[in-house]
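Asker: this one's sequence-less:
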């Protein structure tokens, strides 16, 4: 109390400037004392923040790869139907209409036959006349030989018949040969008339479907006239463009020869119809000998046998113009890994999560892409079955960085 009184008395004697300085000094002293004796917070180590990643297990496989492509269905064989003889059409088959189906040998249309039947009769009559002429000259030859033998006996001639031109004339050989030539010519004309008569009936050259028709009953047709278009339904083709990398995966591709059964490479064609997907057995028939000038790809021709054959599943026919996917059996790989496309990183690598001591770290593993099919990529890489492969993106990646795996492998 006395100290305070003395301090008050002393403070009161000070001037205004001295009082202000005293107050400031007391404040500074108090601040310093507070900073010196303030409580200290407990020291804590900073929390390690590791990136959270999404992974999928490595699917290590062994077997043939699948090379996938697609293309438009086209006919293996398509022809323009034309008559070989002229005449008026007297009958057309009901199946000979756009979309109509037929079997090999079915009659499609017929042309009036009267003129051709008359030609056959006339040619047959000419053949009969020429046969009589041949018989006459053969008889003449025999008579000439008999007469010559009587002459030899009567005159005592020992010389054999003259084999020269004069002897041939005597024995009617030139006349007989000319008659035989006329007979052969007449028989050939008779064959021609029979052939022309047969050609008045136009039949299907294969099992197929009518694409277009341009003739009807009563119409006059001429040889070579376009009367319709047909395509073969025994097989259809799909031209599948492949890159050189994809083509290299098809084992035996360059050995495949058109029409050869022992060089066929198995394949499967699939197409959608009515919201459902159907498949057909197919095979690689051949590969084009030059790159496609527009796409710079190898055009592989895949054939589908019996595309119109129905089965118990109710599968529709594989119609021309359909866009179809084709899976071609590729080369055999002793070991490869199938992963989602997101797992394959730029530069040819995958990010593998492996345990190192007590941490899980990211390891950059080199990988070679073999084939990509519907968002799945097939790789050659040194991976173990089931190893976690990162599929999520990361802003910064270093080999050996610690990471955390999301629960269940996926976020």
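Answerer: Everything's here; your move. This is a predicted model, so every value here is computed, not measured. Numbering: from 1, shown residues only.
Asker: Could you use CA atoms for every contact and neighbour count after this?
Answerer: OK.
Asker: For the top helix by length along the chain, which helices and strands make contact with it?
Answerer: If you go by DSSP state H, the chain has its longest helix at helix 114-155. The contact analysis (3 or more C-alpha pairs under 8 Å, 6 or more residues apart in numbering; DSSP states H and E) places helix 114-155 against helix 173-198.
Asker: what comes up buried for the helix it packs on?
Answerer: Neighbour counts over helix 173-198 (16 or more other C-alpha atoms under 10 Å) mark 173, 175-176, 179-180, 182-183, 186-187, 189-190, 193-194, 196-198 as buried.
Asker: Stretch 303-317 now?
Answerer: Quick answer for stretch 303-317 (16+ other C-alpha under 10 Å): 303-304, 306-308, 315.
Asker: how about TSV for those, with secondary structure, pLDDT and distance to residue 130 added?
Answerer: Converted to TSV, those look like this (DSSP: H, G, I helix; E, B strand; the rest coil; pLDDT from 0 to 100; distance: C-alpha to C-alpha, whole Å):
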residue	secondary structure	pLDDT	distance to residue 130
303	strand	95	55
304	strand	95	56
306	coil	91	53
307	coil	92	55
308	coil	88	54
315	coil	89	63
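Asker: got the residues you listed as JSON lines, with distance to residue 369 columns?
Answerer: Below are the buried residues of stretch 303-317 laid out as JSON lines (distance: C-alpha to C-alpha, whole Å):
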{"residue": "303", "distance to residue 369": "28"}
{"residue": "304", "distance to residue 369": "30"}
{"residue": "306", "distance to residue 369": "36"}
{"residue": "307", "distance to residue 369": "34"}
{"residue": "308", "distance to residue 369": "38"}
{"residue": "315", "distance to residue 369": "35"}
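Asker: Out of those, which two sit at the greatest distance?
Answerer: Pairwise distances among those were taken by C-alpha to C-alpha; the largest, 17.9 Å, belongs to 303 and 315.
Asker: Quick check: residue 62 touching residue 335?
Answerer: Yes. Between residue 62 and residue 335 a contact is recorded at 4.8 Å, counting by C-alpha atoms under 8 Å.
Asker: Which of these two has more residues huddled nearby?
Answerer: Taking other C-alpha atoms under 10 Å, residue 62 and residue 335 do not tie; residue 335 has more neighbours (15 against 11).
Asker: Which secondary structure state does the more buried one sit in?
Answerer: strand (DSSP: H, G, I helix; E, B strand; the rest coil).
Asker: Check the gap between it and residue 65 for me.
Answerer: According to C-alpha to C-alpha, to the nearest Å, residue 335 and residue 65 sit 10 Å apart.
Asker: what do you get for residue 406?
Answerer: Where residue 65 is concerned, residue 406 sits at a distance of 32 Å (C-alpha to C-alpha).
Asker: Looking at those two, which is more packed in?
Answerer: More crowded of residue 406 and residue 65, by other C-alpha under 10 Å: residue 65, with 20 against 13.
Asker: Tell me which residues touch that one, please.
Answerer: 249, 329-333, 371 (C-alpha atoms under 8 Å, 6 or more residues apart in numbering).
Asker: repeat that for 10 Å
Answerer: Residues near residue 65 by C-alpha atoms under 10 Å, 6 or more residues apart in numbering: 249-250, 327-333, 336, 370-371, 378.
Asker: So for those residues, which is the shakiest by pLDDT?
Answerer: pLDDT across the contacts of residue 65 is lowest for residue 371, at 84.
Asker: ok, it to residue 248 distance?
Answerer: Remark: distance between residue 371 and residue 248 (C-alpha to C-alpha) = 11 Å.
Asker: now residue 308
Answerer: Separation of residue 308 from residue 248 (C-alpha to C-alpha): 32 Å.
Asker: Kindly report the same for residue 372.
Answerer: Counting by C-alpha to C-alpha, the separation of residue 372 from residue 248 is 14 Å.
Asker: bridging residues for the residue positioned nearest the centre of the chain?
Answerer: Centroid-nearest residue in the chain, with C-alpha atoms, centre = their mean: residue 240, separated by 3.4 Å. Note on residue 240: beta-bridge partners by DSSP bridges are residue 300.
Asker: Now do the contacts for it.
Answerer: Contacts of residue 240 (C-alpha under 10 Å, 6+ apart): 68-73, 284, 287, 297-302, 324-328.
Asker: Among these, name the ones in helices.
Answerer: If you go by DSSP H, the contacts of residue 240 have nothing in helices.
Asker: Return the members of those residues classed as buried.
Answerer: Buried by 16+ other C-alpha under 10 Å: 68-71, 73, 284, 287, 297-302, 324-328, out of the contacts of residue 240.
Asker: Can you verify my assumption that residue 370 contacts residue 380?
Answerer: Yes. Between residue 370 and residue 380 there is a contact under C-alpha atoms under 10 Å: 7.0 Å.
Asker: Can you check which residues contact both of these two?
Answerer: Shared contacts of residue 370 and residue 380, defined by C-alpha under 10 Å, 6+ apart, comprise 333, 336-338.
Asker: residue contacts, the residue nearest to residue 254 when sequence neighbours are not counted?
Answerer: Spatial nearest neighbour of residue 254, chain neighbours left out: residue 287 (6.8 Å); criterion: C-alpha to C-alpha, 6 or more residues apart in numbering. Residues counted as contacts of residue 287 (C-alpha under 10 Å, 6+ apart) are 239-241, 247, 253-258, 298-302.
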